[in-house]
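Colleague: fold the following for me, if possible:
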Amino acid sequence: MNILKILKKSVIDSQVYVSLMGTLFAVFFMKEQNTFRLPTILLIFITYFSGYLYTKYQYTRHFFKILVLNAVAGVVCAFLIIHNHNEIRLLKWFVIVVLGLLYNSFFLDVYIRKIPLLKVFYVGLVWALVNCWLTLPEFSLPIFLISFFYITALVLPFDIRDMNSDTVKTFPMLIGIQNTKYIAYGLVFISSLIGIFYLKPIYAASFFLSTIITYILIYFSENKRDDTYFSFGVETCSALPFLFLLIMEYF
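Modeller: Numbering: from 1, shown residues only. Below you'll find the model as predicted:
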């Protein structure tokens, strides 16, 4: 039991886990598009990790440390891009970072997270841009749509989890838990449909298997469930396409 608590605090609560899941989701599409490169993977992980740390700790006594850490992370990311890519990639990365700051920043009077119902779509947008724009020479609309609908669906269970504590109106508050699940099912279905028609067969199969697990986890999402169900279980869904791909490729 103590080991599980330590793992939750050191991996999940530290934002390492969500950053890793987001990175593996991007890796899945990088492999499908033959753009797999280690510096890009490192860039994506650092960007996610520093961004989530900033969001979580900006109102705490650790803010100055996080600010310094983010500054260092920014320099490292810029070096990775300049050394391994080009100025266009640097501009793409900068735009995504700015979008992340607009999501939730202490220096803004109104930020995206305060706008009712917009949060789920905005998170989907940022993650989708990482997959379809940052890692590719040209913008890929199919990958954008697959990522956008899938990630937006995965954010909805977190709104179910937080419906009794959120100060901003969310879908579960307005239309109820069951109707929110229906929206999530629909988004996952659209995402999987696009994946079947667009992705290469083995990638389409991996993504389809992932959606089955995702449906199950959405179905059992309730606001009375332990946080680990969401921060570990639902969060893992974004890495499932890559994990199923590994299984299908090597076993």
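
Colleague: which residues are in contact with residue 77?
Modeller: 43, 46, 47, 93 (C-beta atoms under 8 Å, 6 or more residues apart in numbering). Where C-beta positions appear, they are placed from N, C-alpha and C, glycine not excepted.

Colleague: what about it, helix or strand, and which?
Modeller: Here residue 77 sits within helix 63-84, counting by DSSP states H and E.

Colleague: can you give me the buried ones in stretch 233-249?
Modeller: By 16 or more other C-beta atoms under 10 Å, the buried positions in stretch 233-249 come out as 233-245.

Colleague: swap in stretch 133-144?
Modeller: If you call a residue buried by 16+ other C-beta under 10 Å, then stretch 133-144 has these buried ones: 133, 134, 135, 140, 143, 144.

Colleague: quick one: which two of the contacts of residue 77 are the most distant?
Modeller: Maximum pairwise distance among the contacts of residue 77 (C-beta to C-beta): 10.4 Å, between 46 and 93.

Colleague: of the two, who's got more company?
Modeller: residue 93 (22 against 19; other C-beta atoms under 10 Å).

Colleague: ok, now which ones touch the more buried one?
Modeller: Residues near residue 93 by C-beta under 8 Å, 6+ apart: 43, 47, 77, 81, 134.

Colleague: centroid residue for the protein?
Modeller: When C-alpha atoms, centre = their mean is applied to the chain, the residue found nearest the centroid is residue 22 (4.6 Å).

Colleague: helix or strand for that residue, which one?
Modeller: helix 16-32.

Colleague: buried ones in that helix?
Modeller: Result for helix 16-32 [16+ other C-beta under 10 Å]: buried residues 16-32.

Colleague: try stretch 118-125
Modeller: For stretch 118-125, by 16+ other C-beta under 10 Å, it's 119, 120, 122, 123, 124, 125.
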